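Visitor: Got a sequence here, can you model it:
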Amino acid sequence: MYRIEEEKNKEKYTLLIPAMLDAHFPLLKYAFYSKKYHPVVMEETEGITGLGLKYAHNDLCYPGILIIGQILKTLQSGNYDINRTVILEPQAGDACRGSNYISMIRKALDEAGFETVPVVSLNVTGLEKKHSIPITSGLLIRAAAAAYYGDLLMILSNQVEPYEEHKGDTKKVSDKWIRILSEELKRGKRLSGGKIREHFDEIIQDFKMVPKADRPVLKIGVVGELYIKYCHLGNWNLEEYLKGQDCEYYINGITWYALYYMDTHLLSEGGEYKKGTVIGIYAKIFQYFLSLQKDMVHAIKKQGFYCMDAYDIFKEKAKGYVTYQCSIGDGWLIGAEFANHALNGYNRIICGQPFGCLPSHVCGRGLYPAIRRKLPDTQYISVDYDASGTDTLVKSRIRMLLSF
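Guide: Predicted coordinates for the structure are as follows:
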């Protein structure tokens, strides 16, 4: 496997990646290193909404506006050689508007004077074949390890930090493991399933050793569209706000989305499982991912922490609350997370979505009242994030949930 040397980047193309996964990108970025590319997760935040609106229609979903604005702001910063810079954009490959981001980014780049900057697609459905980044075995192995480690660190940090006796102890443990795991990802070592499972137990033990105080907190579940759920730009620093309100909040891991995507987009169609050699390969990857997730969930619960059930049980528990035919974008996963939160005792739920996101509104927001009628002890607030919205309005809606 390619050995990553972060300091050797001058002879490579800079691969700019829009911010999306706050808890995962410190490790997940290593999946995209290669002999050709040096990945950089963009950090620009100032003025990106206005810049995005300048070069994109305001009817575009909010994450798209932020992504376009952040890309343009980064290119305008002068920190990168425009002639050796490439933009990477993941795509779902279905009817979600996110599958059109490449063309919208390309249009914005051309109009802003960056017509020579290439945009490459990351997807497994054959979109933009001439402009797609190769999905290699090394990329998959590193991405799988980073995704599970990112899930584990996020889930544990969110349950330990609200109770820590000494402020900053949780972050010290998290930072320690990010350093250890980064080195292993860079060397391509200890990435087998067995070694990953060993780390699960070691990481959980370290978090368990953080001194905790007995203090009252509100338990909050967070669900919604991917960018809004995982990125501070999309949810206007929701996690920091909840920390300041003495909340313990649970955000489900990205590996549940990965398994949902494989299940609904690659393995099945219209409720029937596909056939063929390539499908068989996807099925094996799916089973490997599911096996790792089951062991992660088991390790978390064994040590007294909370975690949603592994994907197969998680999906079964949502039966009767969601319709599995709704699989565009985040699809039924949104409603399934809502139902699982409620069934598992997280009875106050914040539901975040970009204003005008049809999959989120139909498959998520459209189902919340029906799910709540079946689970009447559940309280929820649906929050729309949009370029025309205000921080005061969003926080006032969340305060209603916290104060009820």
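
Visitor: Quick one: neighbours of Lys171, just the number.
Guide: Using other Cβ atoms under 10 Å, Lys171 is surrounded by 12 other residues. (Glycine included, C-beta is placed from N, CA and C.)

Visitor: for Glu240, same thing?
Guide: Glu240: 11 surrounding residues under other Cβ under 10 Å.

Visitor: tell me the phi and psi of the residue lying closest to Lys29 once chain neighbours are set aside?
Guide: Closest residue to Lys29 apart from its sequence neighbours, by Cβ to Cβ, 6 or more residues apart in numbering: Pro39 at 5.1 Å. Main-chain torsions, Pro39, degrees, to the nearest 10: phi -80, psi 140.

Visitor: Hmm, Tyr13 and Pro39 touching each other?
Guide: No - look at Pro39 against Tyr13 with Cβ atoms under 8 Å: they stay out of range, at 9.8 Å.

Visitor: out of the two, which sits in the busier spot?
Guide: Between Pro39 and Tyr13, counting by other Cβ under 10 Å, Pro39 is the more crowded of the two (23 against 19).

Visitor: ok, now which ones touch the more buried one?
Guide: Counting by Cβ atoms under 8 Å, 6 or more residues apart in numbering, Pro39 touches 14-17, 29, 32-33, 88.

Visitor: roughly how far out does the host helix or strand of Met154 sit from the chain middle?
Guide: Per DSSP states H and E: Met154 is located in helix 137-160. Computed by Cα atoms, centre = their mean, to the nearest Å, the chain-centroid distance of helix 137-160 equals 11 Å.

Visitor: Could you list the buried residues of that helix?
Guide: Residues of helix 137-160 classed as buried: 138-139, 141-160 (neighbour count, 16 or more other Cβ atoms under 10 Å).

Visitor: So which elements touch that helix?
Guide: helix 25-28, helix 169-187, helix 193-208, strand 247-251, helix 254-261, helix 277-302 (3 or more Cβ pairs under 8 Å, 6 or more residues apart in numbering; DSSP states H and E).

Visitor: Now do that helix against helix 193-208, angle only.
Guide: Angle, helix 137-160 to helix 193-208, by axes from the mean of the first three to the mean of the last three Cα atoms, to 10 degrees: 20 degrees.

Visitor: got the CA positions of helix 137-160 in CSV?
Guide: Extracted in CSV, the C-alpha atoms of helix 137-160 (Å, rounded to 0.1, in the frame of the first residue of the first chain):
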residue,chain,number,x,y,z
SER,A,137,-8.2,-1.0,-2.9
GLY,A,138,-5.9,1.2,-0.8
LEU,A,139,-8.5,4.0,-0.8
LEU,A,140,-11.2,1.6,0.3
ILE,A,141,-9.1,0.0,3.1
ARG,A,142,-8.0,3.4,4.5
ALA,A,143,-11.5,4.9,4.1
ALA,A,144,-13.1,1.9,5.9
ALA,A,145,-10.7,2.1,8.9
ALA,A,146,-11.0,5.9,9.1
ALA,A,147,-14.8,5.9,8.9
TYR,A,148,-15.2,3.4,11.8
TYR,A,149,-12.5,5.2,13.9
GLY,A,150,-14.2,8.5,13.2
ASP,A,151,-17.6,7.1,14.2
LEU,A,152,-16.2,5.6,17.4
LEU,A,153,-14.3,8.8,18.5
MET,A,154,-17.4,10.9,17.7
ILE,A,155,-19.9,8.7,19.6
LEU,A,156,-17.6,8.3,22.7
SER,A,157,-16.6,12.0,22.8
ASN,A,158,-20.2,13.1,22.7
GLN,A,159,-21.1,10.9,25.6
VAL,A,160,-18.1,11.6,27.8
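
Visitor: Specify which residues of the stretch 101-250 of the chain, grouped into ranges, have pLDDT under the cut-off.
Guide: By pLDDT under 70, the low-scoring segments of the stretch 101-250 of the chain are 125-131.

Visitor: change it to 80
Guide: Applying pLDDT under 80 to the stretch 101-250 of the chain flags residues 123-132.

Visitor: Repeat that for the stretch 301-404 of the chain.
Guide: For the stretch 301-404 of the chain, the stretches flagged by pLDDT under 80 are 356, 404.

Visitor: how long is stretch 189-197 from one end to the other?
Guide: 14 Å (Cα to Cα, to the nearest Å).

Visitor: what sits up against it?
Guide: With Cβ under 8 Å, 6+ apart as the test, stretch 189-197 has contacts from 1, 141-142, 145, 148-149, 184-185, 199, 288, 291-292, 295, 299.

Visitor: ok, and the closest non-adjacent residue to Glu240?
Guide: His232 (7.5 Å).

Visitor: With Leu152 as the reference, measure out to Ser174.
Guide: Distance, Ser174 to Leu152, by Cβ to Cβ, to the nearest Å: 10 Å.

Visitor: Please apply the same query to Leu267.
Guide: Look at Leu267 and Leu152: by Cβ to Cβ, they are 25 Å apart.

Visitor: Next, the buried residues of stretch 384-399.
Guide: Those would be 384-387, 394-395, 398, for stretch 384-399 by 16+ other Cβ under 10 Å.

Visitor: now the helices for the stretch 251-400 of the chain?
Guide: Using DSSP state H, counting those that start in this stretch, the helices found in the stretch 251-400 of the chain span residues 254-261, 277-302, 311-317, 332-343, 358-359, 368-374, 391-403.

Visitor: And the contacts of the fourth one?
Guide: Among residues not part of helix 332-343, those counted as contacts by Cβ under 8 Å, 6+ apart are 221, 223-225, 250, 252, 256-257, 260, 264, 308-309, 314-315, 317-318, 321-326, 347, 349, 351, 353, 359-360, 363-364, 367-368, 371-372, 375, 377-378, 380.

Visitor: Using PyMOL, define a selection of the buried residues within those.
Guide: Selection command for PyMOL covering only the buried members of the contacts of helix 332-343, criterion 16+ other Cβ under 10 Å:
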select buried, resi 221+223+224+225+250+252+256+257+260+264+308+309+314+315+317+318+321+322+326+347+349+351+353+359+360+363+364+367+368+371+372+378+380
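
Visitor: between the buried residues of stretch 384-399, which is nearest Pro211?
Guide: Ile398 (29.6 Å; Cβ to Cβ).

Visitor: Pretty sure that closest one sits against Gln379.
Guide: No - using Cβ under 8 Å, Ile398 is not in contact with Gln379; the gap is 11.9 Å.
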